[in-house]
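Q: build the 3D model from these lines:
(one chain, ligands or ions: 1)
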Amino acid sequence: MRLRSRPDSRPMASAEQPERPLVVPVRAAVARMAPYAAPEDPSVVAARAEIPPDQVIKLDANENPYGPSPEIPETLAGLEVFNRYPDPEQKALRPPVAAYAGVDPDSVLLGNGSDELIDLLCRIYLEPGDEIVDCTPTFGMYTFSADLCGGRRIEVPRTPDWQVDVPAIYAALTSRTKLIFVTAPNNPTGNDLDETAARALAATGRIVVIDEAYVEFAGRPSFARLVAEYPNVVVLRTFSKWAGLAGLRVGYGIFPPGIIEHLWKVKPPFNVNVAAEAAVLATLHDQPRLQVRVAQLIAERARMHAALSAVSRLKVWPSVANYLLVQTDEPTSDRLKDRLAVHGVAVRTYAHPRLRNAVRISVGLPAHTDAVVTAATEWARGEEGA
Ligand code: PMP
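A: Numbering: from 1, shown residues only. A predicted model of the protein is given here:
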């Protein structure tokens, strides 16, 4: 597994400058931290399939296989502001993003991906020893960002069909619980959060972060409207998935006034770069085309669900996101992952005890689905080797 830390990037001790022991230790929270486990480098699957890395069918990071709006390359090529810092107040972006989300522009703040907003929320709420509620299995960044602040993650397992366990969350609350993270639809299980549960969580009074990175695929209105009703509810969204802008790093949050005022203070001033800014504006102009692609992905999700459900020994969970969680009847998903790799397909696997036998497969193009189904069928027949 490729990790974010780069041990090979340390400066080399030279003959003139002998290596000396570090006398200043890192903070205890950092010393304890595990690096974030990012998806494996495509070269691993490329080597297994004996293909160049750019031919790997990347279904491991829920990226958009159609790419961004075709207007974006031209928009970026025509930009003449690369020597200027972006607007720290995000004035050009907030009104159209707010219009897209159907909320007040004053409630919107953009981040370097929604990852940055998760980090900032942890930083404004968590003193060392404070707690977050993490509804597992789920997206890993909540724990990562909380750990960095010296926060404690209180794990509240999801029910057998992956629903958020509201009574168990209530039972887990302590005077130190500051944040409750809930992903809707959940990554990697693909199920959604219902509004009754969202409102029950809001009633805890803790800061409830509803992460809607995949809401465009969910066929329901966003919970963004709850932000105007509750002073403690936050909704996070992103341009990485539906709009195909993962590489430009731009997400946003919808926040009540009492929260956003503090985020404005701590946000790095130039967190959304000029290329991302231009790309978001072009994306919002090109919405009808991008929405057609979202509809194609939703249709492809149904096709992949049906085709994989017909493969024996697989359990394919229903999903309202752009990926499927698929469990095998084996103790681990190693053999299925390897069979997919033989066909050049990269998928996500998990260390979580409930998901050792699972893979998460992003919805791709129809040809990608065909490769997945071929590989899964071979796996079910017990085929081994290249
Ligand atoms: N939330 C969830 C649930 C995600 O799956 C992801 C991306 N994997 C993110 C947030 C982060 O998205 P962004 O690219 O906007 O940082």
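
Q: what residues does the stretch 1-150 of the chain put near the ligand?
A: For the stretch 1-150 of the chain, the residues found near the ligand under the criterion C-beta under 6 Å from any ligand atom are Asn62, Gly113, Ser114, Asp115, Phe139. Glycine gets a C-beta too; all of them are placed from N, C-alpha and C.

Q: could the residues you listed go into TSV alongside neighbour count, secondary structure and pLDDT?
A: Shown next, in TSV, are these (neighbours: other C-beta atoms under 10 Å; DSSP: H, G, I helix; E, B strand; the rest coil; pLDDT from 0 to 100):
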residue	neighbour count	secondary structure	pLDDT
Asn62	23	coil	98
Gly113	25	helix	98
Ser114	25	helix	98
Asp115	20	helix	98
Phe139	20	coil	97
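
Q: kindly indicate which of those residues lies nearest the ligand.
A: When those are compared for distance to the ligand (C-beta to the nearest ligand atom), Gly113 wins out at 2.5 Å.

Q: residue contacts, the closest one?
A: Residues near Gly113 by C-beta atoms under 8 Å, 6 or more residues apart in numbering: Thr238, Ser240, Arg249, Val250, Gly251.

Q: mind listing the residues bridging to the first one?
A: Which is Thr238. When assigned by DSSP bridges, Thr238 has beta-bridge partners Gly251.

Q: that one: neighbour count?
A: 26 (other C-beta atoms under 10 Å).

Q: my guess is it meets Gly253, correct?
A: No. Using C-beta atoms under 8 Å as the test, Thr238 is too far from Gly253 to be in contact (9.7 Å).

Q: buried by neighbour count: which residues of stretch 94-103 qualify?
A: Arg94, Pro96, Val97, Ala98, Tyr100, Ala101, Val103 (16 or more other C-beta atoms under 10 Å).

Q: got it, and stretch 179-199?
A: Using 16+ other C-beta under 10 Å as the test for burial, stretch 179-199 gives 179-193, 197-199.

Q: tell me the SS of the nearest residue in space to Gly219 that is not next to it in sequence?
A: Once flanking residues are discounted, Gly219 sits nearest to Val320: 6.3 Å by C-beta to C-beta, 6 or more residues apart in numbering. Recorded secondary structure, Val320: coil (DSSP: H, G, I helix; E, B strand; the rest coil).

Q: Val320 contacts Ala218, correct?
A: Yes. When contacts are counted by C-beta under 8 Å, Val320 is listed as touching Ala218 (4.4 Å).

Q: ok, residues contacting stretch 186-198?
A: Residues contacting stretch 186-198 (C-beta under 8 Å, 6+ apart): 62, 135, 137-139, 158, 161-164, 166, 182-185, 208, 210, 213-214, 218, 220, 223, 226, 233, 317-321, 323-325, 348, 350, 355, 358, 360.

Q: now, of these, which are buried?
A: Looks like these have 62, 135, 137-139, 158, 162-164, 166, 182-185, 208, 210, 213-214, 218, 223, 226, 233, 317, 319-321, 323-325, 348, 350, 355, 358, 360 buried, using 16+ other C-beta under 10 Å.

Q: do a quick rundown of the strands in the stretch 251-386 of the chain.
A: All strands of the stretch 251-386 of the chain, identified by DSSP state E, counting those that start in this stretch, fall at 251-254, 314-316, 323-328, 345-346, 348-349, 358-362.
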